[in-house]
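# sequence and predicted structure below; questions after.
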Amino acid sequence: MMVNLFSSFDPTTSLHLPLNWTSVILSFVLIPLSYWLIPHRTMYLWNKIISTLHQEFKTLIGPSSGSTFIFVSLFSLILYNNFLGLFPYVFTGSSHLVMTLTLALPLWLTFMIFGWINNTVHMLAHLVPQGTPPILMPFMVCIETISNIIRPGTLAVRLAANMIAGHLLLTLLGNTGSLIPKSILIILLLTQILLLILESAVAIIQSYVFAVLSTLYSSEVT
């Protein structure tokens, strides 16, 4: 029985142990099985998606700026966890800032360290946009610095907030099923199905946005 509306996002179980986080590592158990099976249409479709993402990320990064494997893997990890959270009684790891910050902060910090050590002049030039009047340069440096510092926070909060919002709406509507007349129950079911389709689209979009923004941040330091 639910204690409150946010209890579905609680990583602890009735044993007071954070066992719900095991849903995050299920990918390491399920995904490698595909490498030992005969290729099928689903695998061909997934390989096509991966190839398309690779080409797009390569365009964003540039031909001489490194590999896109880390961003494709990041997209796959977030997408898997987002979709896994749509199943009943499955904990959504990507709805917690603990996980999203763990993904965003090390990436951003690595980009910043690499950029300031290897391309210091280029990083300093990013703090003052081209064409800025001299009197506004100190203000633009402050604004760009703050904007750069909050990037990992915005990445993490955007993903977590979008996952929580849709799941809360589905939970809220699902809990009202036993309280409404049977005559309008079909409307509730149709609404739930539409929201589930919308959440599936949000799961794809948010994983794509996270990976693309990470790619753009990496392209700015080279």
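Everything's here; your move.
# distance of H122 from T145?
15 Å (CB to CB, to the nearest Å). Heads up, the C-betas are built off the backbone N, CA and C, glycines and all.
# then T22?
Distance from T22 to T145, by CB to CB: 40 Å.
# so what's R151 up against?
A104, W108, Y217 (CB atoms under 8 Å, 6 or more residues apart in numbering).
# between these, which has the most around it?
A104 (25 neighbours; other CB atoms under 10 Å).
# residues contacting that one?
R151, P152, G153, L155, A156, F210, S214.
# so the last one, which of the three states?
Under DSSP: H, G, I helix; E, B strand; the rest coil, S214 falls in the helix class.
# that one and Q55, how far apart?
Distance from S214 to Q55, by CB to CB: 17 Å.
# comparing these two, which residue is more hemmed in?
Neighbours were counted for S214 and for Q55 using other CB under 10 Å; S214 has more, 23 against 10.
# all strands of the chain, in order?
Counting by DSSP state E, the chain has no strands at all.
# now find how far off-centre the helix or strand of it with the lowest mean pLDDT is within its chain.
In the chain, no helix or strand scores lower on mean pLDDT, DSSP states H and E than helix 27-30, which sits at a mean of 70. Centre-to-centre, helix 27-30 and its host chain are 19 Å apart (CA atoms, centre = their mean, to the nearest Å).
# which residues are in contact with L109?
Contacts of L109 (CB under 8 Å, 6+ apart): P152.
# ugh, typo on my part, it should be V221
Contacts of V221 by CB under 8 Å, 6+ apart are F111, M112, F114, G115, N119, H122, M123.
# can I get those in JSON lines including pLDDT?
What follows is these, written out as JSON lines (pLDDT from 0 to 100):
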{"residue": "F111", "pLDDT": "90"}
{"residue": "M112", "pLDDT": "91"}
{"residue": "F114", "pLDDT": "89"}
{"residue": "G115", "pLDDT": "88"}
{"residue": "N119", "pLDDT": "84"}
{"residue": "H122", "pLDDT": "83"}
{"residue": "M123", "pLDDT": "85"}
